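Chemist: I'd like to go over a predicted model; first the sequence, then the structure.
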Amino acid sequence: MAIPVLLGITASIAAYKIPELIRLLREKNCEVKVVLSFGAKEFVTPLTLQTLSNNPVYEALLDASAENTMSHIALARWAQRILIAPASANFIAKLSCGIADDLLTTLCLATQAPLFLAPAMNQAMWANPATQHNFKTLLSRGIQFIGPTEGVQACGEFGLGRMAEPEEIANQLLFSIEKPLLAGQKILITAGPTQEALDPIRFLTNRSSGKMGYALAKTALALGADVTLISGPTALSPPPHCKFIPLKTAKEMLSAVENEIEHHTVFISTAAVSDYYLPSPALQKIKKEKTTLTLSLEPSPDILSLMAHRMPRPYCVGFAAETQYSLADIQEKKIKKACDILVVNDVSREDIGFEKEDNALTVLTENEIIHLEKTSKMNIAQQLLKIISEKIKEKSNVL
Ligand code: C5P
């Protein structure tokens, strides 16, 4: 049976690529119905879209003839997936505010179907804080983004804002319709910092916000995995539908991981575990003296390394937050930790990593080094989980 895809087109020059996208979707067994925003038909004609989709093209919210046959509610119900390509800055802003002032925005509010957006706009418009805020709002609601990509733009500028190519859009959309990528996987994720008490009111901790680990948990759930999230103290809410274990210290984290690990197929250790702790924190507040305070700290257990050296063990993914490193250093760390994948995060950069919304990663697998360019932590999480799922598949084919 054909997959019902509702394709929304908004006003952007990238709309000229949409006839090709319709052709690809139909080749991949989709039935496509097109809805145009008010400005879209300035870039691509309804007649072309109707001919290629082999369906009427919808434009008006209050069109008496269309209302008789297919109202916005019926269209919203009909769609199994809604794809907006190109998604303009204006459309993204309207969707994030819940505005419903035309057929496309109204049916996006009315639908239960997953929404996919392929943004296209000038790089400065994409980088604008208003657009970035709207983008993050939509991501946090589970709306999936395909692109944008970097390159030369129609306006002659270079940057992030180009619509992903039709082939990439069609592939990503269909990927989500096929069997969820991580169905059947049980993923254990540690996230956030740990807190190691010095006395009843003071502790040692670090700048980890937990955003990367929580983004991985959310995305893994969306991709069909069962997720257990073990987290140090953060300001974040755990995603619904995961098993959540909050705690404070490295030792508590070790015992929670030890209790959980055998029930999981993948262990992703994003937590920034304190490397040292004070074995006997003072029972009373340490008094201020005029002399130097010396604390004798002990190394914390290395949870990832302990788990990765066990047999049997799940597929193990470690993170390394580095400020200065060479390839040899991180390769050595991967061997020392015995993990299957080591993900390196350059935390010396001001624009990514600890506490930031974005990340860029270097991923060391058994046989490859993959660079994931700077993007939101949710997008990075999708790319990383895709790599992990491919590697697990390769491994199970070898065994
Ligand atoms: O050695 P380093 O702290 O750079 O290693 C980082 C990786 O090891 C992360 O995946 C982190 O979650 C894990 N780790 C751990 N236990 C520690 C220190 C780090 O599991 N005590």
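Modeler: The structure has been received and is ready for your questions. Numbers count the residues shown, from 1 in each chain.
Chemist: every contact and neighbour count from this point should use C-alpha atoms.
Modeler: Will do.
Chemist: end-to-end on stretch 293-311?
Modeler: The straight-line separation of the ends of stretch 293-311 (C-alpha to C-alpha, to the nearest Å) is 43 Å.
Chemist: please list the residues of the protein that sit near the ligand.
Modeler: Contact residues, the chain versus the ligand (C-alpha under 6 Å from any ligand atom): 269-275, 300-304, 318-321.
Chemist: quick one: which of those sit in helices?
Modeler: Using DSSP state H, the subset of the residues of the chain next to the ligand located in helices is Ile303, Leu304.
Chemist: now, which of the residues of the chain next to the ligand sits nearest Asn397?
Modeler: Distance to Asn397, by C-alpha to C-alpha, is smallest for Gly318 among these, at 22.6 Å.
Chemist: contacts only, for that closest one.
Modeler: Ile268, Ser269, Thr270, Leu304, Cys339, Ile341, Leu342, Val343 (C-alpha atoms under 8 Å, 6 or more residues apart in numbering).
Chemist: the helices in the stretch 101-250 of the chain, which residues?
Modeler: All helices of the stretch 101-250 of the chain, identified by DSSP state H, counting those that start in this stretch, fall at 103-110, 123-127, 129-140, 166-177, 211-222, 250-260.
Chemist: mind pulling up the pLDDT for Asp351?
Modeler: As predicted, Asp351 sits at a pLDDT of 79.
Chemist: swap that for Phe354, sorry
Modeler: pLDDT for Phe354: 76.
Chemist: quick one: it from Arg207, how far?
Modeler: Phe354 is 6 Å from Arg207, by C-alpha to C-alpha.
Chemist: now swap in Glu27 and tell me
Modeler: 49 Å.
Chemist: neighbour-wise, which of the residues of the chain next to the ligand leads?
Modeler: Val273 (29 neighbours; other C-alpha atoms under 10 Å).
Chemist: need the strands for the stretch 51-200 of the chain, in chain order.
Modeler: 57-58, 81-87, 115-119, 144-145, 149-152, 158-162, 186-191, 196-197 (DSSP state E, counting those that start in this stretch).
Chemist: rank these by pLDDT, which is bottom?
Modeler: Among the strands of the stretch 51-200 of the chain, strand 149-152 carries the lowest mean pLDDT (a mean of 82).
Chemist: distance from it to the middle of the chain?
Modeler: Distance of strand 149-152 from its chain centroid, counting by C-alpha atoms, centre = their mean, to the nearest Å, is 20 Å.
Chemist: what's it in contact with?
Modeler: Applying C-alpha under 8 Å, 6+ apart, the set of residues contacting strand 149-152 is Phe158, Gly159, Leu160, Gly161, Arg162, Met163, Ala164.
Chemist: the fourth one and Asn134: what is the separation?
Modeler: In this case it means Gly161. Distance from Gly161 to Asn134, by C-alpha to C-alpha: 15 Å.
Chemist: quick one: which of these two has more around it?
Modeler: Gly161 (24 against 18).
Chemist: list the contacts for that one?
Modeler: So, once contact is read as C-alpha under 8 Å, 6+ apart, Gly161 ends up touching 119-123, 125-126, 147-151, 153.
Chemist: got a quick PyMOL command for the buried subset of those?
Modeler: In PyMOL, a selection of the buried entries from the contacts of Gly161 looks like this (16 or more other C-alpha atoms under 10 Å):
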select buried, resi 119+120+121+122+123+125+126+147+148+149+153
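Chemist: distance to Ile3 added to the contacts of Gly161, as a markdown table?
Modeler: Output for the contacts of Gly161, formatted as a markdown table (distance: C-alpha to C-alpha, whole Å):
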| residue | distance to Ile3 |
| --- | --- |
| Pro119 | 23 |
| Ala120 | 25 |
| Met121 | 28 |
| Asn122 | 32 |
| Gln123 | 33 |
| Met125 | 33 |
| Trp126 | 31 |
| Gly147 | 22 |
| Pro148 | 25 |
| Thr149 | 26 |
| Glu150 | 30 |
| Gly151 | 32 |
| Gln153 | 32 |
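Chemist: so who does the residue of the stretch 51-200 of the chain found nearest the ligand touch?
Modeler: Per C-alpha to the nearest ligand atom, Thr190 is where the stretch 51-200 of the chain lies closest to the ligand, at 6.9 Å. When contacts are counted by C-alpha under 8 Å, 6+ apart, Thr190 touches Gly213, Leu229, Ile230, Ser231, Ile268, Ser269, Thr270, Ala271.
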